[in-house]
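Student: Give me a model of this one.
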Amino acid sequence: MNSNKIYPLIAKEGWPFLLAGLLLAILSSYYQLSVSWIFWAIFIFMLQFFRDPKRNVNNGKNIITSSADGRVIEIKKTLDPYQKRQSIKVSVFMNVFNVHSNKIPISGEIIGKFYFPGEFINASLSKASLENERCAIIIKTKDNKIITCVQIAGLIARRILCYRETKDIVNIGERYGFIRFGSRVDLYLPLNASVKVILGQKVKNTETVIATL
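Tutor: Numbering: from 1, shown residues only. Sure thing, here's the model as predicted:
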């Protein structure tokens, strides 16, 4: 187990929201104390939402780790719409109380990136995988195994952030994106992958092994 790359405890994506929330809370305390608790509650909520704790990277051989914190809501064989082949799909749903920083699930090279604008239906629904706003990256390992990792916006989420591009070399556990305010991440795995999680299981990015190859 190696230490993950160090970055701020509070995700940089949340700094503008936190500064604005703190300013409103302070001003409300000064001008209208009786309602200031509402703004302080909003500020505290955003503080926990944008937390991004340091995680230990699981460097086991031939493993795929979770890209997100949350709960496993779907495990099934289905068509990978980005590679156009049958795969095992494992979906993790993030509610507003989960960490929303996304991590690379396996080391390799990004050989494809696809962004699709879409709807903002409840991310826990299966149809969100194909109807919601989403950004997919396809990762090819050194031994030519390929997986697809898809960030999907949710009912409240209105911004998917993905900082990696095609031809980038990535390492397991690297921070590569963020989704604001509720969402899900789908992993499409090779059919011979051995899934190590079960429906309803709570997982953590970089630490929980989703499957082995």
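
Student: following the biggest helix by length in the chain, which helix or strand comes up?
Tutor: The longest helix of the chain (DSSP state H) is helix 15-31. From helix 15-31 onward toward the C-terminus, using DSSP states H and E, the following helix or strand is helix 36-49.

Student: List the contacts of that following helix.
Tutor: The contact list for helix 36-49 (Cβ atoms under 8 Å, 6 or more residues apart in numbering) reads 10, 14, 17-18, 21-22, 24-25, 28-29, 96-97, 100, 181. (Each C-beta comes from the backbone N, C-alpha and C, glycine too.)

Student: how about 10 Å then?
Tutor: 10-11, 14, 17-30, 32, 96-100, 180-182 (Cβ atoms under 10 Å, 6 or more residues apart in numbering).

Student: Are any of these buried, and if so which?
Tutor: 10-11, 14, 17-18, 21, 24-25, 28, 98-100, 180-182 (16 or more other Cβ atoms under 10 Å).

Student: According to the record, where do the domains of this structure fall?
Tutor: 12-49, 60-212 (automatic domain parsing).

Student: could those domains go into a markdown table alongside mean pLDDT?
Tutor: Formatted as a markdown table, those follow (pLDDT from 0 to 100):
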| stretch | mean pLDDT |
| --- | --- |
| domain 12-49 | 81 |
| domain 60-212 | 89 |
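
Student: Can you say which of these is packed in most?
Tutor: domain 60-212 (a mean of 19; mean count of other Cβ atoms under 10 Å).

Student: Need the distance between the two termini of that domain.
Tutor: Between the opening and closing residues of domain 60-212 lies a distance of 9 Å (Cα to Cα, to the nearest Å).

Student: can you tell me the distance between the two ends of stretch 42-57?
Tutor: Rule used - Cα to Cα; the end-to-end distance of stretch 42-57 is 32 Å.
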